[in-house]
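> below are the sequence and a predicted model for it; my questions follow.
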Amino acid sequence: MKILDMKINWNYKCSNKPRIQVLVDEIPKIDDMLFSVNGNLYYSEIDGYVRFFYYNRPGDGYSGQIYHLRLDNGKQIDLVGPWSSRASVMNDVGFAHCTEVSLTTEPETMIKGHTFFGGAMSVSVLREAMKKHLPDHELIVDLNNDETSYIVVKKGVTDPCKRCKGSGKCDGAINWSDPMKLIRCPECGGRGQAR
């Protein structure tokens, strides 16, 4: 999997964290991945793409879909209806750090801004790709979370402003003449840093 382009969806009009949108040449197939196990958690990374599951018994996750996983110890296992879990859980049990992203293999999706697939990628691979595709931004540990998660911010921001989420700009909801216009964030003065 090669990263071809990246951009940020700042999620200005909702309380979600900003999310990196990534254009890749292909998304690895689960059959090509080797999973490590830690208790009820299954984790795999290939070329920066990460898949993980929580599984303790057959369930209704993914509508009961069966996943045939190859394990890094040479064994195979079938997970019936596992749950996805989240990147921060995987980070906290010792797997290589990852974060949620939006993925696509379609260049048109990057232009239109929809429809992406939810996924996760390795923090180290994302940071390296950001040097080329998002040089004015960085991934930092989100200090407002009890688990080890990451947030994308303008370079130099260590504690993102709650309103602009570290971008330094707002959606312009206070500018009624042009509600979609991005304006300098009045709360942080455009710095992106909480006061």
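Arrived safely. Residues are numbered from 1 along each chain as shown.

> show me where the chain has strands.
Secondary structure of the chain, counting by DSSP state E: strands at 3-9, 19-24, 34-38, 41-46, 49-54, 66-71, 76-80, 98-104, 117-122, 137-141, 150-154, 169-170, 183-184.

> JSON lines please, covering these and showing mean neighbour count, mean pLDDT and distance to S88.
Yep, even glycine has a C-beta here, placed from its N, CA and C like the rest. Output for the strands of the chain, formatted as JSON lines (neighbours: other Cβ atoms under 10 Å; pLDDT from 0 to 100; distance: least, Cβ to Cβ, whole Å):
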{"stretch": "strand 3-9", "mean neighbour count": "17", "mean pLDDT": "96", "distance to S88": "19"}
{"stretch": "strand 19-24", "mean neighbour count": "22", "mean pLDDT": "97", "distance to S88": "14"}
{"stretch": "strand 34-38", "mean neighbour count": "16", "mean pLDDT": "98", "distance to S88": "14"}
{"stretch": "strand 41-46", "mean neighbour count": "21", "mean pLDDT": "98", "distance to S88": "12"}
{"stretch": "strand 49-54", "mean neighbour count": "22", "mean pLDDT": "97", "distance to S88": "11"}
{"stretch": "strand 66-71", "mean neighbour count": "15", "mean pLDDT": "97", "distance to S88": "21"}
{"stretch": "strand 76-80", "mean neighbour count": "14", "mean pLDDT": "97", "distance to S88": "21"}
{"stretch": "strand 98-104", "mean neighbour count": "22", "mean pLDDT": "97", "distance to S88": "8"}
{"stretch": "strand 117-122", "mean neighbour count": "18", "mean pLDDT": "96", "distance to S88": "10"}
{"stretch": "strand 137-141", "mean neighbour count": "17", "mean pLDDT": "94", "distance to S88": "10"}
{"stretch": "strand 150-154", "mean neighbour count": "23", "mean pLDDT": "93", "distance to S88": "8"}
{"stretch": "strand 169-170", "mean neighbour count": "21", "mean pLDDT": "76", "distance to S88": "26"}
{"stretch": "strand 183-184", "mean neighbour count": "14", "mean pLDDT": "78", "distance to S88": "31"}
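
> could I get the ones you listed as CSV with distance to M90?
Formatted as CSV, these follow (distance: least, Cβ to Cβ, whole Å):
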stretch, distance to M90
strand 3-9, 20
strand 19-24, 17
strand 34-38, 9
strand 41-46, 5
strand 49-54, 5
strand 66-71, 15
strand 76-80, 15
strand 98-104, 6
strand 117-122, 8
strand 137-141, 15
strand 150-154, 12
strand 169-170, 31
strand 183-184, 37
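
> quick one: closest of those strands to D60.
Nearest of those to D60, taken as Cβ to Cβ: strand 76-80 at 9.5 Å.
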